[in-house]
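Enquirer: 3D, please:
(2 chains)
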Protein chains: 2
Amino acid sequence: MRRKGLASMAAQTVASTTDTTTAPAAPSVDLGPAVALSCRECGERTPLSPSFACASCFGPLEAAYELPTGDPEALRKAIEAGPESIWRYAPLLPVPADVADKPNLNPGFTRLVKADRLAAELGVTGELYVKDDSGNPTHSFKDRVVAIAVEAARAFGFTTLSCSSTGNLAGAVGAAAARAGLRSCVFIPHDLEQGKVVMAAVYGGDVVAIEGTYDDVNRFCSELIGDPIGEGWGFTNVNLRPYYAEGSKTLAYEICEQLGWRIPDQIVVPVASGSQLTKIDKGLQELIKVGLVEEKPYRIIAAQAEGCSPVSAAYKAGHDVVRPVKPDTIVKSLAIGNPADGPYVLDIARRTGGAVEDVTDEQVVEGIKLLARTEGIFAETAGGVTVGVAKKLLESGVLDPAATTVVINTGDGLKTLDAVAATSGPTATIRPSLDAFRAAGLATH
Amino acid sequence: MRRKGLASMAAQTVASTTDTTTAPAAPSVDLGPAVALSCRECGERTPLSPSFACASCFGPLEAAYELPTGDPEALRKAIEAGPESIWRYAPLLPVPADVADKPNLNPGFTRLVKADRLAAELGVTGELYVKDDSGNPTHSFKDRVVAIAVEAARAFGFTTLSCSSTGNLAGAVGAAAARAGLRSCVFIPHDLEQGKVVMAAVYGGDVVAIEGTYDDVNRFCSELIGDPIGEGWGFTNVNLRPYYAEGSKTLAYEICEQLGWRIPDQIVVPVASGSQLTKIDKGLQELIKVGLVEEKPYRIIAAQAEGCSPVSAAYKAGHDVVRPVKPDTIVKSLAIGNPADGPYVLDIARRTGGAVEDVTDEQVVEGIKLLARTEGIFAETAGGVTVGVAKKLLESGVLDPAATTVVINTGDGLKTLDAVAATSGPTATIRPSLDAFRAAGLATH
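Expert: Numbering: from 1, shown residues only, chains lettered A, B, ... in the order given. So this is what the prediction gives:
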């Protein structure tokens, strides 16, 4: 199913826009250590270009690197002296070396919060951390991936930055394009919540509401890429995807650096398309390869919402393929029923001795409130998923309570207020008098 | 008016809770370089304690320091090697030296964004920067001041953290208390927008809705402090105010450090109570005093919304006192009609050759959208005020376009979506077809 969709999109691309979107990149394309695209299925390499599917087997393409081979200590020092953003890792990313000098949102280097109070509630006796990506410029991890897509767009001479989105990505693209001085035109379903529409539109780019579902929006974007109209358009999550997706590697880099250049024992990662999880694994492998961290075993745990848990279902059934589902969950940012990277997530969870687990919407809300109450972090629903899954797997003994564990929060509770609104109201409503306050039972004396 | 209110509150405090809230601090109170409270009117000193009004003249108290007197170069290096939060400036703040080791939200060290595209639109030929405090943990500058209040609460043995708030502060207090393991109980008007109530309540503390206006909430909190019920309660913006307010100094420290230890020529600061502006000035003076920056002239510009512009009105009329007004503006976070620090703001604007200016609600919205469109920063309404005032004063020639200018954005647009919702919608709504897209006039080919 997945492969067929990609193949059809690749065929369209080749058929109608060979001149602009699949031609080998000119030698002048400088994306730093990225030297080619390689197929994740057959391994065939192709020059850097705005392509996303292998010409031989239609497998997904990803950036391939010539990684630094020198003294790891020198690299570590250079990184530590770099900017407080993902650009400190420029030597490991598909971006030019001078990326930090260009106008962009400088995302990343978000807080890694040592969560002792959450640990106590969950019975964790080792170290527990929350990687809190709500601190990014538009308050989700999307700023990481979009920032890389902007550099690819510049390298390939695209003048319009685009995407299909249910909200977070549209805002991230709008903001990044505004700062970079690119035109933006994003596509959203027509029935999005007003808050998300505002977030997409306020940056001044074009926002096109499509009369249809998110799937309709996606199909329309594929059509657009295959049409001359799309010439000069970089779609972050389609023809720039091999670059865009690499941004998630920075989560792995930051977690290890913030732990003192050490790989944690267990990482709990939310799964929508599965791309973030696979790139975190790739990032860890790269850190080992270049010698920035010592090789050690680590477990990657994938977290889904029960109402959209195709990867979790496949994992539990022992399958290698992921059967698409129709999402029905409050966790909109993870509601991808046909996750492109699902099989890779299964591979990684099994290879690392991890797991794939899901939690109910009620457990998601409980997870959000638990994290807020113990650590003062207000996560979006995806953060409720990872906290909920961590809790569930600690209770079932799958996660080791004595290990060093990192739970990822990818977004901000301000964007998903509805999830907790019904259960987060005033403790009491009173007249402004001491007697009324005493009567409410809240006085401590 | 202002003085009388403080006097009456101070008298209440002395009368009923001498034992806990106005007694001189025990010698064991360690608030780092802060050694006393001093009256901003008469200069009289009193030991560190949870007091806020001078026992002699009822003037407001503030923290007084023994600042570092050693080699500035050593201090600079220590700061630069410190944590990426306000705690890097612990030697200049009323906090113990080991503050960074305690559980708190670690706010600050937010982005100073070089705003070249905004500069071009405004006709600025010098350097223009936006200090973007939406990157703080709960997305407003309140995290800075609350973090200091938490340390004072710990030092004085308070077990409940409290405040009166119209939203932002309640969320910041709830989050900080949760992380610190303190109880929180915040007071809000009963008719707040649901989003702000959720933000206050999600951290699990008590939220008390008061049937009345924000002024009623404030009066009730003063009563509470003067009653035995309030024993053990630290109100960030009342009995902890002399500490709390010092958190705003870190905006000045960060701006100078991020400019390479250099004071900018012009700083545009929003004014609600006026406290933030006075503390930025205090912070700059301290940096000069300890030798971290060279002394140079600087101009501080105060920015208000026309619908709540008592300080601007006094400035333009040449008055030294500020006549209270009834706020009527979309800029809720600056809607303090009787600003406690108004006279000090007037002093500083005049002393530094600055100005006090106001903009209409329409100009606020225009400012928000201008900043979003040029720099990808989505500010709350207070950010629209500072951008709008900068634009107005550049047009009128009051601000020097060739100078180095910093505009402060104190909060996040996600919290004030209503301000831009009416004018930030989809560019077009279409069926998912290329023909429909062409017909909408958005194709570039």
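
Enquirer: now for A:Asp361, how many residues are close by?
Expert: 19 (other Cβ atoms under 10 Å in any protein chain shown). (Glycine included, C-beta is placed from N, CA and C.)

Enquirer: for it, give me the backbone phi and psi.
Expert: Dihedral pair for A:Asp361: phi -60, psi -40, per degrees, to the nearest 10.

Enquirer: isn't it right next to A:Glu306, touching?
Expert: Yes - assessed by Cβ atoms under 8 Å, A:Asp361 is found in contact with A:Glu306 at 7.2 Å.

Enquirer: find residues that contact each of those two.
Expert: Jointly contacting A:Asp361 and A:Glu306 under the rule Cβ atoms under 8 Å, 6 or more residues apart in numbering or on different chains are A:Thr329.

Enquirer: just the element for A:Ala63, please.
Expert: Element membership of A:Ala63 [criterion: DSSP states H and E] is strand A:61-65.

Enquirer: what do you get for A:Arg373?
Expert: helix A:361-375.

Enquirer: before we move on, what about A:Ile267?
Expert: Per DSSP H and E: strand A:266-270 holds A:Ile267.

Enquirer: returning to that earlier point: what sits up against the helix holding A:Arg373?
Expert: Contacts of helix A:361-375 (Cβ under 8 Å, 6+ apart): A:113, A:115, A:117-118, A:120-121, A:130, A:305-307, A:329-331, A:359, A:377-381, A:383-388, A:391-392, A:409, A:413, A:419-420, A:423-424, B:175, B:178-179, B:202-204.

Enquirer: show me the shaky parts of chain A.
Expert: A:1-27, A:445 (pLDDT under 70).

Enquirer: picking that back up, separate out the buried members of the contacts of helix A:361-375.
Expert: By neighbour count, with 16 or more other Cβ atoms under 10 Å in any protein chain shown, the contacts of helix A:361-375 hold A:113, A:115, A:117-118, A:121, A:130, A:305-307, A:329-331, A:359, A:377-381, A:383-388, A:391-392, A:409, A:413, A:419-420, A:424, B:175, B:178-179, B:202-204 as buried.

Enquirer: the residue nearest the centre of chain A: what's it in contact with?
Expert: The centroid of chain A falls nearest to A:Gln276 when counting by Cα atoms, centre = their mean (4.7 Å). Residues near A:Gln276 by Cβ under 8 Å, 6+ apart: A:141, A:248, A:251, A:269-270, A:410.

Enquirer: from these, which is closest to chain B?
Expert: Using Cβ to the nearest Cβ, A:Phe141 comes nearest to chain B of these, at 14.7 Å.

Enquirer: can you give me the strands in chain A?
Expert: Secondary structure of chain A (DSSP state E): strands at A:34-39, A:45-46, A:61-65, A:112-114, A:128-132, A:160-164, A:183-189, A:206-210, A:233-235, A:266-270, A:299-305, A:355-359, A:405-409, A:428-430.

Enquirer: distance to A:Gly226 added to these, as CSV?
Expert: Listed next are the strands of chain A as CSV, based on distance: least, Cβ to Cβ, whole Å:
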stretch, distance to A:Gly226
strand A:34-39, 19
strand A:45-46, 19
strand A:61-65, 17
strand A:112-114, 42
strand A:128-132, 38
strand A:160-164, 14
strand A:183-189, 15
strand A:206-210, 17
strand A:233-235, 11
strand A:266-270, 31
strand A:299-305, 31
strand A:355-359, 34
strand A:405-409, 35
strand A:428-430, 57
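
Enquirer: to B:Ala97, which of the ones you listed lies closest?
Expert: Closest approach to B:Ala97 among those (Cβ to Cβ): strand A:112-114, 19.3 Å.

Enquirer: so which elements touch that closest one?
Expert: In terms of contacts (3 or more Cβ pairs under 8 Å, 6 or more residues apart in numbering or on different chains; DSSP states H and E), strand A:112-114 is packed against strand A:128-132, helix A:249-258.

Enquirer: quick check: residues of the stretch 301-445 of chain A near chain B?
Expert: Residues of the stretch 301-445 of chain A found near chain B (Cβ under 8 Å from any Cβ of the partner chain) are A:368-369, A:372-378, A:412-415, A:417, A:420-421, A:424-434, A:437-438, A:440, A:442-445.

Enquirer: can you say which of these are buried?
Expert: For those, buried by 16+ other Cβ under 10 Å: A:368-369, A:372-378, A:412-415, A:417, A:420, A:424-428, A:430, A:432, A:434, A:437, A:443.

Enquirer: coming back round to it: ok, and what's touching the strand holding A:Ile267?
Expert: Residues contacting strand A:266-270 (Cβ under 8 Å, 6+ apart): A:255, A:276-277, A:280, A:298-304, A:334, A:354, A:382-383, A:385-386, A:389-390, A:393, A:399-400, A:403-408, A:410.

Enquirer: adjacent strands (with direction) for that strand?
Expert: When pairing is defined by DSSP bridges, strand A:266-270 lines up against strand A:299-305 (parallel), strand A:405-409 (parallel).

Enquirer: is it possible to export those strands to a markdown table including distance to A:Arg40?
Expert: What follows is those, written out as a markdown table (distance: least, Cβ to Cβ, whole Å):
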| stretch | distance to A:Arg40 |
| --- | --- |
| strand A:299-305 | 17 |
| strand A:405-409 | 22 |
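
Enquirer: of all those strands, which one is nearest A:Asn218?
Expert: strand A:299-305 (19.8 Å).

Enquirer: and the angle from that closest one to helix A:361-375?
Expert: With axes from the mean of the first three to the mean of the last three Cα atoms, to 10 degrees defining the directions, strand A:299-305 sits at 120 degrees from helix A:361-375.

Enquirer: so how far is strand A:299-305 off the chain centroid?
Expert: Offset of strand A:299-305 from its chain centre (Cα atoms, centre = their mean, to the nearest Å): 13 Å.

Enquirer: also stretch A:158-173?
Expert: Taking Cα atoms, centre = their mean, one finds stretch A:158-173 lying 14 Å from the centre of the chain it belongs to.

Enquirer: buried residues in that stretch?
Expert: The neighbour-count check on stretch A:158-173 (16+ other Cβ under 10 Å) flags A:158, A:160-173 as buried.

Enquirer: and stretch A:119-137, by the same measure?
Expert: Buried residues in stretch A:119-137 (16+ other Cβ under 10 Å): A:119, A:121-122, A:124, A:127-137.

Enquirer: indicate whether it makes contact with chain B.
Expert: Yes - using Cβ under 8 Å from any Cβ, stretch A:119-137 comes into contact with chain B via A:135, A:137.

Enquirer: so how far is B:Lys391 from the residue of the stretch 201-350 of chain A found nearest chain B?
Expert: The minimum distance from the stretch 201-350 of chain A to chain B, using Cβ to the nearest Cβ, falls at A:Gly204 (3.4 Å). As judged by Cβ to Cβ, to the nearest Å, A:Gly204 and B:Lys391 stand 16 Å apart.
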